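Chemist: sequence unknown, structure follows:
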């Protein structure tokens, strides 16, 4: 991120420290409404606190950890959240991850509501005030959207109600869905399509449409999903990232400092992957591995010839299971997203199956599967005193995949946009276009799109929601989880046994603290 942008955020954080207690009413007598809401700077600081709640990838609410709540990865080290409990079906209403999400989102919703209730008191430019109001409304809708997609129906909050004094009931899923779509739809035309580079992190009209697309996708509202994704495309603001260095894979560079400033990011968290080195990096290079990929992700990638592993002869499958990137003949997104056994990384040969060494599988802060996440892992962070890599909450490739899925599900699978956008995504990563004779039906394209979503979006949190909306949750979240092939046995490494309940675990549990504090709060089924 540019230095000017970084300084703007430092200033915003300074303002945030001044108004933190004020905005949450931890100590309502220390700063009053009458003394706070006076100037444009007060408004800017208060709105900055609303943005401060955005989730990061390896920081904050850790969206990349959602991979460990799907078949993409496993998580260890409970100091970052007891994600392993969920995968084993052991979470309950005291589960810390659910509490973190619930608490953080409602805190941010309250901040946005307080801002909207009081910003008219500030002496400031009227056009800027109007824009700020739409930003706050859109951000409040985003936080409701997070809660809805995790918990189902939740209380809609549009006032700065005191949490401990409220006895709000849960609104239905449909009511919350309608509220979010209405808010984002009304805000979008009143927000800029773009900001200057110093304010690129703010919510724009394109962010609103992209969020609607994501929400509509989750609920199978394909017409709205199509139109909102198309609105993002038609703005002409965004595009797939292409490196200026012809020797570098653009897809791999996208998730590093070199590719950080790009037109692909639609909605992002500043420094949202500052914790990547201590979340994904091998212990042998001074990192910590908390999240480890499973063999499901690795097996999903095609060969350079466009073949899936299942389409290969048995002996060829065995070769790729043992040596996933055999002769560099796999989709280049594989090595961009995953570090593999025996790969040399930062001078360290990764040997998860060696009898000794800090990279040995199963050791504390080492891989638990024999694989490592490489996405958002930048070697510059190895010895950096300050780690500031941004995290893309939504990027343009996801919107394109949303759009083509909507076309296919609406029966418009022969629309030339389907293969055009899929091929743009594949070609950017160095993979050949798909064979149109092979993918010549709705069913075939559905399979392709689902495979492309994992290949393109792995470890970005999308899979958590995909397995729910595709109704494959039970199939992929019960039974054994495996990692890399152990050369000593020739078999995939068993990692953990999963026992998720599809009738319960499609939703997070409402935190027990909320149930006890609010007599009108009803728990999700089977918790």
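Modeler: Received the coordinates, thanks. What you see is a predicted model, and the numbers here were worked out from it, not measured in a lab.
Chemist: start and end of stretch 357-372, how far apart?
Modeler: Using CA to CA, to the nearest Å, the end-to-end distance of stretch 357-372 comes to 16 Å.
Chemist: what is the mean pLDDT for it?
Modeler: Average pLDDT, stretch 357-372: 96.
Chemist: ok, stretch 401-416 next?
Modeler: Stretch 401-416 comes out at a mean pLDDT of 98.
Chemist: what's in contact with that stretch?
Modeler: Identification of contacts with stretch 401-416 by CB atoms under 8 Å, 6 or more residues apart in numbering yields 213-214, 217, 220, 222-223, 225-226, 229-230, 233, 417-418, 421-422, 425, 441-442, 445-446, 449, 452-453, 456-457. The way it works is simple: take the backbone N, C-alpha and C, and place the C-beta from them, glycine included.
Chemist: could you pull out the strands for the stretch 151-300 of the chain?
Modeler: Counting by DSSP state E, counting those that start in this stretch, the segments of the stretch 151-300 of the chain that form strands are 265-269, 291-293.
Chemist: between those strands, which gets nearest to residue 362?
Modeler: In terms of CB to CB, the element of those nearest to residue 362 is strand 291-293, at 10.1 Å.
Chemist: and that closest one, what's its mean pLDDT?
Modeler: For strand 291-293, mean pLDDT is 98.
Chemist: repeat that for stretch 224-231.
Modeler: pLDDT averaged over stretch 224-231 gives 98.
Chemist: buried residues in it?
Modeler: Going by neighbour count (16 or more other CB atoms under 10 Å), the buried part of stretch 224-231 is 224-231.
Chemist: can you list the buried residues in whichever helix in the chain runs longest?
Modeler: Among the segments of the chain that qualify as a helix by DSSP state H, the longest is helix 126-151. By 16+ other CB under 10 Å, the buried positions in helix 126-151 come out as 131-151.
Chemist: is it correct that residue 287 is in contact with residue 339?
Modeler: No: taking contacts as CB atoms under 8 Å, residue 287 lies outside contact range of residue 339: 10.4 Å.
Chemist: what angle do helix 126-151 and the helix or strand residue 116 falls within make with each other?
Modeler: Using DSSP states H and E, the element containing residue 116 is helix 96-118. Interaxial angle of helix 96-118 relative to helix 126-151 (axes from the mean of the first three to the mean of the last three CA atoms, to 10 degrees): 160 degrees.
Chemist: same for helix 96-118, what does it pack against?
Modeler: helix 3-24, helix 40-51, helix 126-151 (3 or more CB pairs under 8 Å, 6 or more residues apart in numbering; DSSP states H and E).
Chemist: and the shortest one, which residues are buried?
Modeler: Residues 42-51 are the ones in helix 40-51 that count as buried (16+ other CB under 10 Å).
Chemist: which residues touch the next helix or strand after that helix?
Modeler: Using DSSP H and E, the helix or strand that follows helix 40-51 in sequence is strand 73-75. Contacts to strand 73-75, defined as CB under 8 Å, 6+ apart, come from residues 65, 67-68, 81, 83-84, 87, 290-294, 297, 368-369, 373, 459, 481, 495-496.
Chemist: please redo it, this time with the cut-off set to 7 Å
Modeler: With contact meaning CB atoms under 7 Å, 6 or more residues apart in numbering, strand 73-75 is reached by 65, 67-68, 83-84, 87, 290-294, 368-369, 459, 481, 495-496.
Chemist: what number of residues lie near the residue nearest to residue 333 when sequence neighbours are not counted?
Modeler: Once flanking residues are discounted, residue 333 sits nearest to residue 429: 4.9 Å by CB to CB, 6 or more residues apart in numbering. Around residue 429 there are 20 other residues, counting by other CB atoms under 10 Å.
Chemist: tell me the contacts of residue 429?
Modeler: Residues near residue 429 by CB under 7 Å, 6+ apart: 249, 251, 331-333.
Chemist: neighbour count, distance to residue 525 and pLDDT for the residues you listed - can I get that in CSV?
Modeler: Formatted as CSV, the contacts of residue 429 follow (neighbours: other CB atoms under 10 Å; distance: CB to CB, whole Å; pLDDT from 0 to 100):
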residue, neighbour count, distance to residue 525, pLDDT
249, 16, 45, 97
251, 27, 40, 98
331, 25, 39, 98
332, 20, 43, 98
333, 27, 38, 98
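Chemist: filter those down to the ones in helices?
Modeler: Counting by DSSP H, the contacts of residue 429 contribute 251, 333 to helices.
Chemist: where in the stretch 1-150 of the chain is pLDDT low?
Modeler: 1-32, 34 (pLDDT under 70).
Chemist: try 50
Modeler: 1-30 (pLDDT under 50).
Chemist: okay, now the domains of the protein?
Modeler: Listed domain ranges for the chain are 3-52+90-235+506-517, 277-375 (source: automatic domain parsing).
Chemist: would residue 481 count as being in a strand?
Modeler: Yes: counting by DSSP: H, G, I helix; E, B strand; the rest coil, one finds residue 481 located in a strand.
Chemist: was I right about it contacting residue 493?
Modeler: No: in this structure, residue 481 is not within contact of residue 493 by CB atoms under 7 Å, at 9.6 Å.
Chemist: which of the contacts of stretch 401-416 are buried?
Modeler: Buried, going by 16+ other CB under 10 Å: 213-214, 217, 222, 225-226, 229-230, 233, 418, 421-422, 425, 445-446, 449, 452-453, 456-457, out of those.
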